[in-house]
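Visitor: Attaching a predicted model along with its sequence, questions to come.
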Amino acid sequence: MRPTPDPGRTALALPAHLIEIAIRPGDHAYDNVRHTYTRLGTPAAVLRVRGHSDIAEALAYARTAGTPLTVRSGGHGISGRSTNDDGIVIDLARLDAVEILDEDAGLVRVGAGARWGDVAKSLASYGLALSSGDTGDVGVGGLATAGGIGLMSRQHGLTIDHIHAVKVVMADGSSQRVDADHDPDLFWALRGAGANFGVATAFEFHAVRIREVITAFTLYDARRMSSFLTNWGAAVEAAPRAVSSFLTLVQGPDGRPFGHAMTVYAGSERHAALAALAPVLAAGPVLRNDVTVMPYHRLVPAHHRPQCAQQPLTESRSGLLDRITLSAAEAIGRVMTAAGIVQLRSVGGAVNDTAPGAMAYAHRTQKFSLMAATTPALVDDLDDRWEVLHPHLNGLYLNFETRTGRRQLQDAFPGAVLDRLIALKARHDPHHLFDSNFALPSA
Ligand SMILES: Cc1cc2nc3c(=O)[nH]c(=O)nc-3n(C[C@H](O)[C@H](O)[C@H](O)COP(=O)(O)OP(=O)(O)OC[C@H]3O[C@@H](n4cnc5c(N)ncnc54)[C@H](O)[C@@H]3O)c2cc1C
């Protein structure tokens with residue numbers, strides 16, 4: 001654990017308004033807010049902003065003082081880039097309101113600092129839900145600016161596919177509400193590359209009407225890894241859209257590989273669900289299977305545990321697959337031997353109903369997202385194996401990747417998408433204030 005920095009060494013000459021909301025080294029609360037899920041941090045100040053004017057003032061300060069700046073919503077960024085050393089963190093935890101704007105239309109407004117588990121719980125009282133991700137402690141801001149591959153994605157698309165409008169504080173301190181009619185270019189960029197353009201403070205979403213889901217939690221013996229993965233992939237692709245499946249591959253203490261799948265049927269029709277889930281369950285030898293009917297929000301509870309870089313697998317690699325062919329499955333099996341964890345998440349279905357050019361997240365043909373994570377000690381080995389896998393991949397979801405080089409940007413934003421983003425970056429953030437997370441290069 002890194003020591004608390006010397007308050008005298010890191011002191012910033014913050015304006016009075018920012019001192020009111022700053023948590024600094026030496027303050028009682030500092031240790032609870034300085035780290036993230038994957039990274040230890042020693043920021044000079046964590047600013048628990050109350051709204052637009054605090055954010056504008058923080059941005060002006062960072063710009064003129066040249067202080068490192070990061071933005072944090074839930075602190076669950078895989079990249080860990082929402083803290084820093086010696087800089088300021090704009091912490092949006094206080095902006096966590098969930099408001100119903102139009103119950104009949106399912107239109108809701110959610111603060112960027114809310115956690116998805118709390119959003120799910122609030123919306124459940126209205127019979128509404130938003131497919132976000134598999135973890136309720138993940139923050140709204142980091143996920144809804146990049147994608148959002150969720151447990152109902154094949155039925156309802158990505159989280160960003162439901163965004164109606166975004167409220168954002170820009171580098172010059174102005175606050176804007178952008179949607180399809182108000183600055184559509186910026187609206188396009190915010191849905192996939194949002195971290196490069198400003199501080200999103202709230203999102204308006206069209207939520208869907210759903211109460212219960214039927215979920216199978218399945219433990220597979222994955223020793224015959226290649227055939228298991230190809231079977232699972234084919235079964236998921238062939239399943240009705242109501243079925244989404246997330247598969248985690250881990251090795252037991254004796255090196256034996258297991259697959260844990262969480263397969264969700266987005267609906268409460270028991271017979272239809274069991275018929276739809278059966279082929280996915282048959283993908284490999286089942287060691288244990290529990291099928292449960294539950295309200296969607298129970299799948300993704302938020303625990304609000306303090307963050308202290310509790311995740312030791314700090315290096316992660318991300319890719320998207322059109323399908324799981326035998327050769328891709330063999331390459332994933334080899335990745336598995338150097339990774340602490342490998343996860344496959346189904347996309348496809350409704351995700352691919354959106355046109356690739358509709359928003360900055362342009363991956364609308366792929367059927368699976370792949371993530372592999374490991375410790376720094378094993379990352380070179382993982383990278384050697386990832387290189388063999390790379391030709392089987394088609395693009396990258398940046399929320400599961402910790403490398404930020406040119407190739408990662410090109411994989412995340414293929415072809416003309418990257419060019420359009422670079423041009424928009426020059427217009428909206430010419431001094432590169434928002435460069436801590438997959439920075440877009442200058443035009
Ligand atoms: C355990 C775990 C499970 C996950 N499961 C899924 C999953 O199932 N599906 C999925 O799609 N993703 C998943 N993710 C990835 C997740 O989407 C990203 O890690 C996301 O960035 C976390 O959001 P956050 O607000 O908690 O992160 P933070 O650490 O707060 O932010 C991450 C980065 O996002 C940017 N950012 C955050 N808030 C804002 C804002 N308001 N405005 C502008 N930029 C902002 C900043 O650059 C920041 O550095 C998972 C992550 C973890 C740790």
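Guide: That came through, no problem.

Visitor: Angles on the backbone of the residue found closest to Leu59 once you drop the neighbours it is linked to in the chain, please.
Guide: Counting by CB to CB, 6 or more residues apart in numbering, the nearest residue to Leu59 once its immediate chain neighbours are dropped is Gly173, at 5.6 Å. (C-beta placed from N, C-alpha, C; glycine too.) In this entry, Gly173 is assigned phi and psi values of phi 90, psi -10 (degrees, to the nearest 10).

Visitor: For Gly173, grab the count of nearby residues.
Guide: Here the count is done by other CB atoms under 10 Å, and Gly173 has 16 residues near it.

Visitor: Tell me who's in contact with it.
Guide: For Gly173, the residues meeting the contact criterion (CB atoms under 8 Å, 6 or more residues apart in numbering) are Ile55, Ala56, Glu57, Leu59, Ala60.

Visitor: ok but the fourth one is inside a helix, no?
Guide: Yes. With DSSP: H, G, I helix; E, B strand; the rest coil as the criterion, Leu59 is assigned to a helix.

Visitor: OK, contacts around it?
Guide: If you count contacts by CB under 8 Å, 6+ apart, Leu59 has them with Leu69, Ile90, Val169, Ala171, Gly173, Val199, Leu433.

Visitor: Distance check, it against Phe187.
Guide: With distances defined as CB to CB, to the nearest Å, the gap from Leu59 to Phe187 amounts to 20 Å.

Visitor: near the ligand, which residues of the stretch 301-443 of the chain show up?
Guide: Within the stretch 301-443 of the chain, the positions lying close to the ligand (CB under 6 Å from any ligand atom) are Asn399, Ser436, Asn437.

Visitor: If we use 8 Å, what do you get?
Guide: In this structure, the stretch 301-443 of the chain approaches the ligand at residues Gln311, Arg345, Ser369, Tyr397, Asn399, Phe400, Phe434, Ser436, Asn437, Phe438, judged by CB under 8 Å from any ligand atom.

Visitor: which other residues reach the host helix or strand of Arg334?
Guide: Mapping Arg334 onto the secondary structure by DSSP states H and E places it in helix 326-336. Applying CB under 8 Å, 6+ apart, the contact partners of helix 326-336 are 225-227, 229-230, 233, 249, 251, 257, 317, 321, 324, 342, 344, 370, 372, 382, 385-386, 388-389, 392.

Visitor: One more: stretch 148-156?
Guide: Under the criterion CB under 8 Å, 6+ apart, residues 129-134, 158-160, 162, 208, 210, 213, 239, 241-244, 246, 262, 264, 266, 296, 299-300, 345-351, 369, 397 lie in contact with stretch 148-156.

Visitor: 7 Å instead?
Guide: With CB atoms under 7 Å, 6 or more residues apart in numbering as the test, stretch 148-156 has contacts from 131-134, 158-160, 208, 241-244, 246, 262, 264, 266, 299, 345-351, 369, 397.

Visitor: tell me the mean pLDDT for that stretch?
Guide: Along stretch 148-156, the predicted local confidence has a mean pLDDT of 98.

Visitor: sec struct for the most centrally placed residue in the chain, please.
Guide: Nearest residue to the geometric centre of the chain (CA atoms, centre = their mean): Leu143, 3.8 Å. For Leu143, the secondary structure call by three-state DSSP comes out as helix.

Visitor: does it really touch Thr159, like I thought?
Guide: Yes. The pair Leu143 and Thr159 qualifies as a contact (CB atoms under 7 Å) at a distance of 6.1 Å.

Visitor: Find the residues that touch each one of these two.
Guide: With contacts defined as CB under 7 Å, 6+ apart, the residues shared by Leu143 and Thr159 are Ser132.

Visitor: for the residue of the stretch 201-350 of the chain found nearest the ligand, helix, strand, or coil?
Guide: The minimum distance from the stretch 201-350 of the chain to the ligand, using CB to the nearest ligand atom, falls at Arg345 (6.1 Å). Each residue gets one of three states, and Arg345 gets strand by three-state DSSP.

Visitor: Around it, how many other residues sit close by?
Guide: Residue neighbour count, defined by other CB under 10 Å, stands at 24 for Arg345.

Visitor: Out of the residues of the stretch 301-443 of the chain next to the ligand, which comes closest to the ligand?
Guide: Distance to the ligand across these (CB to the nearest ligand atom) is lowest for Asn437, with 3.1 Å.

Visitor: if I pick the residue nearest to that closest one when sequence neighbours are not counted, what's in contact with it?
Guide: Among residues not flanking Asn437 along the chain, Ala195 sits closest, at 4.1 Å (CB to CB, 6+ apart). For Ala195, the contacting residues are Thr145, Phe434, Asn437, Phe438, by CB under 7 Å, 6+ apart.
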